[in-house]
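J.: Here's a sequence, model it:
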Amino acid sequence: MRKMKRQPVHPGKIIKEDYLAPLSITIKDMASNLGVSRKTLSKVINERGSVTPDIALRLSRAFNSTPDLWLNLQKNYDLWQAEHSSKSWQMVKPISPQMLHSLG
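T.: Sure, this is the predicted structure:
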């Protein structure tokens, strides 16, 4: 398993710092352009919400990028959070081919 050492940046921070701030676009105006509520976009930008496939499609259209970019940013952030918020997942034992044959 590949281990990320640094916490990935939340996609909301990228939206805020790389798009909204330089372009002087408000959350309200951006939300209107995306066709989502101000509250929905605000949650993402303030890192309390996630980029969903629907929002990824909208962002990719607005910023001339790809939905995969936004979904991968979110996935990397979520995986890092899950890996570092709990260690209980490390107690899972790998399943061997012998175990699979005995189950079937």
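J.: Mind giving me the packing neighbours of the longest helix that the chain contains?
T.: Counting by DSSP state H, the longest helix found in the chain is helix 67-85. Helix 67-85 is packed against helix 11-14, helix 53-62, with contacts defined by 3 or more Cβ pairs under 8 Å, 6 or more residues apart in numbering; DSSP states H and E. C-beta here means a position set from N, CA and C on the backbone, and glycine is covered the same way.
J.: what about the helix or strand that it is followed by, average pLDDT?
T.: Downstream of helix 67-85, the first helix or strand assigned by DSSP states H and E is helix 97-103. In this model, helix 97-103 carries a mean pLDDT of 74.
J.: buried stuff in helix 97-103?
T.: By neighbour count with 16 or more other Cβ atoms under 10 Å, helix 97-103 contains no buried residues.
J.: which regions of the protein lie under the pLDDT threshold?
T.: Scanning the chain for pLDDT under 70 picks out the ranges 1-4, 103-104.
J.: Contact partners for the spatially most central residue of the chain?
T.: Computing the C-alpha centroid of the chain and ranking residues by Cα atoms, centre = their mean puts residue 74 first, at 1.2 Å. Contacts for residue 74 (Cβ atoms under 8 Å, 6 or more residues apart in numbering) come out as 10, 11, 50, 51, 56.
J.: closest to residue 88 among those?
T.: residue 50 (21.8 Å; Cβ to Cβ).
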